[in-house]
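Colleague: sequence and predicted structure below; questions after.
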Amino acid sequence: MTQQKMPMQVWILTLAAFAIGTAEFVIAGILPQIATSLSITEGQAGYLISAYALAIVIGGPILTIYLARFNKKNVLIGLMALFILGNVLSALAPTYTLLLVSRVISGLVQGPFYGIGAVVATNLVSEKMAGRAVGQMFAGLTLANVLGVPAGTWVSLTFGWSTTFFTVAAFGAVAMIFIMLSIRSTGHSEAKSIKTQLQAFKNPMLLISLAITAFAWSGFMTLYGYIAPIAMHVTGFEQDAVTWILVLVGVGLIIGNTLGGRSSDKSLAKASLFWATAMIASLLLVGVFTGSKVLFIGALFIFGIASFANVPAMQLRVMNHGGEGQELAATANISAFNLANAFGGFLGGMVLDGQLGASMIPYAAAIVPLIGLVLIVKANRAEKHSTVQVEDLSTAVTAN
């Protein structure tokens, strides 16, 4: 029996996801250049991360609910057009305020594109390949960290940070053209009513699951968004080295994503507890080793693995408790991730500009995830208790 190949259209969605992911995370590599160019502090430049993330948090679920009823091909084209506009405005922004606004415009695209794009991807393949199709599309986000961010950093160092945003917009334009040419137009979808989707949020386990994502993930962007200033100002790396450091962290993210997926399939409870603990430990490790270039890079690699290994477990837990509102729950979890990113960008900026300085960012990053760890323990106990109750009820029914 021949294995079904992944359709070219899914790869096009991967390219779009790559462009969008690069736009989100590339700030991590070009903070110093933006700060110098616009005469702002690096901490203020870090707030550009928060602006983008908050646009996803607020705009994602609202736009997804609204746009789900329209022709999906036209929606994807429209979202990519908005994405291109946002990044062109970023490239041309003469002031910090206008750059902040342009980041919000770009950020509005991510939630609905990933949500609606995932539906399109699953419709392009057989039911048995639906998971792989979605995974293929979201691989674009991981590749953005491995290739997009380091490449964007190199472009910024060589040609200026404005060129980085022009390049991201160009990738978006290529993806949009391919979407126009190759993805079949589909009619209006019969989406579940908003009321039905919102009913899922009455489940306290879903709310705890979203809170786990928001708290436990916050440490990632607190450190990742400020790797460049830490590496340069504390550890003593030259500006050019930041590109290769980000490549190494990106490789760690890919390894972590794979390990996290496999361990979550075996035991979600154990995986979520282990990887959340591992990320906190890795943040402390980075903080301890900022004085040594070799150990600092090694600690960052471990941080990459430990942090992204949390993603499958967090996503799976939310989906398990999503009920009739799985699509909205999944979009809400993207918002939870980005709420954490927004907070992380803000916290890291405050520490960087404050008296503590860049060397204390890894330690600050480890504090809030501790709350997430407590919530994971609580959720694991509740789920175990629920499973025991179901088993007891099944035994009683069998006995009767």
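Modeller: Nice, thanks for sending it over.

Colleague: mind listing what residue 364 touches?
Modeller: 222, 347-348, 351, 356 (C-beta atoms under 8 Å, 6 or more residues apart in numbering). Any C-beta I mention is one placed from the backbone N, CA and C, and that applies to glycine too.

Colleague: most widely separated two among those residues?
Modeller: By the measure C-beta to C-beta, 222 and 356 form the most distant pair in those, at 12.6 Å.

Colleague: any of the contacts of residue 364 buried? List them.
Modeller: Burial of the contacts of residue 364 was assessed by neighbour count (16 or more other C-beta atoms under 10 Å); the buried members are 222, 347-348, 351.

Colleague: strands - which of the contacts of residue 364 land there?
Modeller: Among those, no member falls in strands (DSSP state E).

Colleague: pick the one among the residues you listed closest to residue 23.
Modeller: Of the contacts of residue 364, the one sitting nearest to residue 23 (C-beta to C-beta) turns out to be residue 348, at 19.0 Å.

Colleague: quick check, pLDDT for that closest one.
Modeller: Model confidence at residue 348, given as pLDDT, is 91.

Colleague: contact partners for it?
Modeller: By C-beta under 8 Å, 6+ apart, the contact set of residue 348 is 43, 46, 221-223, 225-226, 361, 364-365.

Colleague: any figure for the gap between it and residue 27?
Modeller: Residue 348 sits 11 Å away from residue 27, going by C-beta to C-beta, to the nearest Å.

Colleague: between the two, what contacts are shared?
Modeller: Joint contacts of residue 348 and residue 27 (C-beta under 8 Å, 6+ apart) are 46, 225.

Colleague: in which helix or strand does the residue most central in space within the chain reside?
Modeller: Geometric centre of the chain, nearest residue: residue 337, 6.1 Å, by C-alpha atoms, centre = their mean. Residue 337 belongs to helix 326-353 when assigned by DSSP states H and E.

Colleague: what's the average pLDDT for the helix or strand that that helix is followed by?
Modeller: Remark: after helix 326-353, the chain's next helix or strand is helix 361-365, criterion DSSP H and E. The average pLDDT within helix 361-365 is 95.

Colleague: now helix 361-365, how far from the centre of its chain.
Modeller: Averaging C-alpha positions (C-alpha atoms, centre = their mean, to the nearest Å) puts helix 361-365 19 Å from its chain's average.

Colleague: now do the helix or strand containing residue 102: which elements does it pack against?
Modeller: For residue 102, the host element (DSSP H and E) is helix 96-123. Other helices and strands packing on helix 96-123, by 3 or more C-beta pairs under 8 Å, 6 or more residues apart in numbering; DSSP states H and E, are helix 8-25, helix 27-38, helix 42-67, helix 72-92, helix 130-143, helix 326-353.

Colleague: and the third one, how far from the chain's centre?
Modeller: So that's helix 42-67. The answer for helix 42-67 is 11 Å, by C-alpha atoms, centre = their mean.

Colleague: just the second one next, same as before
Modeller: How far helix 27-38 lies from its chain's middle: 21 Å, per C-alpha atoms, centre = their mean.

Colleague: likewise for stretch 216-223?
Modeller: 11 Å.

Colleague: quick one: average pLDDT of stretch 141-153?
Modeller: The model assigns stretch 141-153 a mean pLDDT of 86.

Colleague: one more: stretch 181-199?
Modeller: Here the average pLDDT along stretch 181-199 is 67.

Colleague: now stretch 78-89
Modeller: In this model, stretch 78-89 has a mean pLDDT of 96.

Colleague: list the buried residues in that stretch.
Modeller: 78-80, 82-89.

Colleague: could the residues you listed be laid out in JSON lines, adding distance to residue 252?
Modeller: Listed next are the buried residues of stretch 78-89 as JSON lines, based on distance: C-beta to C-beta, whole Å:
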{"residue": "78", "distance to residue 252": "35"}
{"residue": "79", "distance to residue 252": "30"}
{"residue": "80", "distance to residue 252": "29"}
{"residue": "82", "distance to residue 252": "32"}
{"residue": "83", "distance to residue 252": "27"}
{"residue": "84", "distance to residue 252": "31"}
{"residue": "85", "distance to residue 252": "33"}
{"residue": "86", "distance to residue 252": "29"}
{"residue": "87", "distance to residue 252": "27"}
{"residue": "88", "distance to residue 252": "32"}
{"residue": "89", "distance to residue 252": "33"}
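
Colleague: many thanks, we can stop here.
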